[in-house]
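K.L.:
3D, please:
(one chain, ligands or ions: 1)
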Amino acid sequence: MLQSKLFSKTTKNLPEGEETKNAQLLIKGGFINKSSAGVYSLLPLGLRVLDKINHIIREEMNAIGGEELLMPTLVQRRYWEQSKRWDTDVVYKTGASKKQGELEYGLGWTHEEVIAAIAVNFLQSYKDLPKAVYQIQTKFRAEARAQGGLLRGREFLMKDLYSFHTDTEDLNRYYNQVIGAYKKIFKRLGLRALATEAGGGAFTKEYTHEFQVLNPAGEDSIYYCQKCDFSQNQEIYDVNRHKGCDGKVVSGRAIEVGNVFKLGTRFSEAFNLSYADSSGKKHLIVMGSYGIGPTRVMGTIVEEYNDSAGIIWPEAVAPCRIHLMSLGDSPKTKKESDRLYKLLSGRFGSDEVLYDERAAAPGEKLKDADLLGMPWRLVISEKTVAVKKIEIKNRASSQSKLLSEKQVIAVLDGK
Ligand SMILES: [Zn+2]
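P.N.:
Residues are numbered from 1 along each chain as shown. Reported below is the predicted structural model:
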């Protein structure tokens, strides 16, 4: 990708009220654009990050038998009324009906109702179970306060997985499998997410699990052990749950990046979703639901990986792995940079190489590179051309190295 051709540019201008690091750095870098409070556009470079996050999530969801589908975001009122959730204050309501002049739709903020109504058509026998489906979709939530950048949006992306089972035992088995998949996802994304016990609210007396990343920008407070895996949301904290370990339990702010939930038969009952066992007897289907917010994950990654100069993208989600820079206006430098761009594009894919061929001052270019935060910065200048080397620097390191082309390729190959 040629940097001169990019739709977005880096900017020093920040919209008012953006106090979080993720919003500031993503806007300055031209990854996102703010439309209104809690509503952002993903610009081309930002969308590349989001696509990579989604790709990792998809791979791990497919690996535990999840099938992807896509449900409508416009959800008719009768669905919410059937589950008694129409009056939830987070629903954006829209579409006046001609008859009563009442609002007839809600913008989807979660899809237990819609999926339960769909499942009635396909899941009828014990032979049809278990099943799991998921979608990655835009969701809407009428948040009173939306100030956390991508951490708390009124419109945001959500991966929601729903599972269907004959009984609680099978739900428990799958629930643990999803927890395992979530651990893999967050690890691949470079996030240390603690599986934190939380209350089930109105749905269940059992604990549910939230995946929490310790970070001062978070809105949640959790208690966690410094030695073992124990972690609980402050709202339900019970010191007696921490047993058989002498580690110290401390509290900290955290960002919730995912959650897993045993729904039981709450929605099966509302939508008459049942199956026949081997003797023909009917039972309600037992359900689970499991969320991850990819846009919030993107904001969390920025909160976790940054310094005073900009973002430090982990390789797995960086918009491009390589940022190639041609510094100075010597024709020799330009020729050598063009050649290297071609070579790297052929080897790693042109989408993975951002080539800064702009006629800008070296200082400005290097500053932009730090702000954009691609993992590997390669510099070609008169100085490097003279010694037939390339300057290579990892964004997370303060040291640059002069290496031969062969050595640079080996580094980029991960050797
Ligand atoms: Zn412990």
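
K.L.:
What helix or strand is the closest residue to the ion within the stretch 1-150 of the chain located in?
P.N.:
Nearest residue of the stretch 1-150 of the chain to the ion, counting by C-beta to the ion: residue 60, 27.1 Å away. No exception for glycine: its C-beta is placed from N, CA and C like everyone else's. Residue 60 belongs to helix 44-63 when elements are defined using DSSP states H and E.

K.L.:
following that helix, which helix or strand shows up next?
P.N.:
Sequence-wise, the next helix or strand downstream of helix 44-63 (DSSP H and E) is strand 67-68.

K.L.:
Describe which strands that next one pairs with in its sheet and in which direction.
P.N.:
strand 131-140 (parallel) (DSSP bridges).

K.L.:
who's in contact with stretch 303-311?
P.N.:
Stretch 303-311 is contacted from outside by 20-22, 25-26, 28-29, 151, 190-191, 213, 215, 217, 255, 302, 312-314, 367, 370-373, using C-beta atoms under 8 Å, 6 or more residues apart in numbering.

K.L.:
Just the buried residues out of those residues, in ChimeraX syntax.
P.N.:
Only the buried entries of the contacts of stretch 303-311 go into this ChimeraX selection, using 16 or more other C-beta atoms under 10 Å:
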select :20,21,22,25,26,28,29,151,190,191,213,215,217,255,302,312,313,314,370,371,372,373
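
K.L.:
out of the contacts of stretch 303-311, which are inside strands?
P.N.:
Among the contacts of stretch 303-311, the members found in strands (DSSP state E) are 213, 255.

K.L.:
The contacts of stretch 303-311 in helices, which ones?
P.N.:
Mapping the contacts of stretch 303-311 onto helices (DSSP state H) picks out 21-22, 25-26, 28, 302, 367, 370-372.

K.L.:
out of these, who's near the ion?
P.N.:
The subset of the ones in helices among the contacts of stretch 303-311 lying close to the ion, counting by C-beta under 5 Å from the ion, is empty.

K.L.:
Provide the secondary structure category for residue 328.
P.N.:
coil (DSSP: H, G, I helix; E, B strand; the rest coil).

K.L.:
For it, grab the count of nearby residues.
P.N.:
15 (other C-beta atoms under 10 Å).

K.L.:
was I right about it contacting residue 382?
P.N.:
Yes: using C-beta atoms under 8 Å, residue 328 makes contact with residue 382 at a distance of 5.4 Å.

K.L.:
and residue 89, which of the three is it?
P.N.:
Residue 89 ends up coil, using three-state DSSP.

K.L.:
and it, what pLDDT?
P.N.:
With respect to pLDDT, residue 89 has a value of 87.

K.L.:
Might one say that it is in contact with residue 142?
P.N.:
Yes: when contacts are counted by C-beta under 8 Å, residue 89 is listed as touching residue 142 (6.8 Å).

K.L.:
okay, those two: which has more neighbours?
P.N.:
residue 142 (16 against 7).

K.L.:
all helices of the stretch 101-250 of the chain, in order?
P.N.:
For the stretch 101-250 of the chain, applying DSSP state H, counting those that start in this stretch gives helices covering 112-119, 168-188.

K.L.:
List the buried residues of the longest one.
P.N.:
The neighbour-count criterion (16+ other C-beta under 10 Å) identifies 170-171, 174-175, 178, 181-182, 185-186, 188 as the buried residues of helix 168-188.

K.L.:
what are the ranges of the strands in the stretch 301-415 of the chain?
P.N.:
Secondary structure of the stretch 301-415 of the chain by DSSP state E, counting those that start in this stretch: the strands cover 306-307, 310-311, 322-326, 353-356, 376-380, 390-394, 400-403.

K.L.:
how about those in CSV, adding distance to residue 157, mean pLDDT and mean neighbour count?
P.N.:
Shown next, in CSV, are the strands of the stretch 301-415 of the chain (distance: least, C-beta to C-beta, whole Å; pLDDT from 0 to 100; neighbours: other C-beta atoms under 10 Å):
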stretch, distance to residue 157, mean pLDDT, mean neighbour count
strand 306-307, 21, 98, 15
strand 310-311, 19, 98, 22
strand 322-326, 26, 98, 25
strand 353-356, 24, 98, 25
strand 376-380, 28, 98, 24
strand 390-394, 29, 98, 19
strand 400-403, 36, 98, 15
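
K.L.:
With distance to the ion as extra columns, can I get those in JSON lines?
P.N.:
Putting the strands of the stretch 301-415 of the chain into JSON lines (distance: least, C-beta to the ion, whole Å) gives the following:
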{"stretch": "strand 306-307", "distance to the ion": "30"}
{"stretch": "strand 310-311", "distance to the ion": "33"}
{"stretch": "strand 322-326", "distance to the ion": "42"}
{"stretch": "strand 353-356", "distance to the ion": "44"}
{"stretch": "strand 376-380", "distance to the ion": "39"}
{"stretch": "strand 390-394", "distance to the ion": "34"}
{"stretch": "strand 400-403", "distance to the ion": "42"}
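
K.L.:
Please convert those to a markdown table, extending it with distance to residue 411.
P.N.:
Below are those laid out as a markdown table (distance: least, C-beta to C-beta, whole Å):
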| stretch | distance to residue 411 |
| --- | --- |
| strand 306-307 | 21 |
| strand 310-311 | 21 |
| strand 322-326 | 10 |
| strand 353-356 | 14 |
| strand 376-380 | 8 |
| strand 390-394 | 6 |
| strand 400-403 | 7 |
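
K.L.:
Below-threshold pLDDT in the stretch 151-300 of the chain: ranges please.
P.N.:
In the predicted model of the stretch 151-300 of the chain, residues 201-204 satisfy pLDDT under 70.

K.L.:
mind listing the strands for it?
P.N.:
Using DSSP E, counting those that start in this stretch, strands in the stretch 151-300 of the chain cover 155-165, 193-200, 204-214, 220-225, 231-233, 249-264, 274-276, 282-284, 286-292.

K.L.:
With respect to the ion, which of the ones you listed lies nearest?
P.N.:
Proximity to the ion (C-beta to the ion) singles out strand 220-225 among the strands of the stretch 151-300 of the chain, at 3.1 Å.
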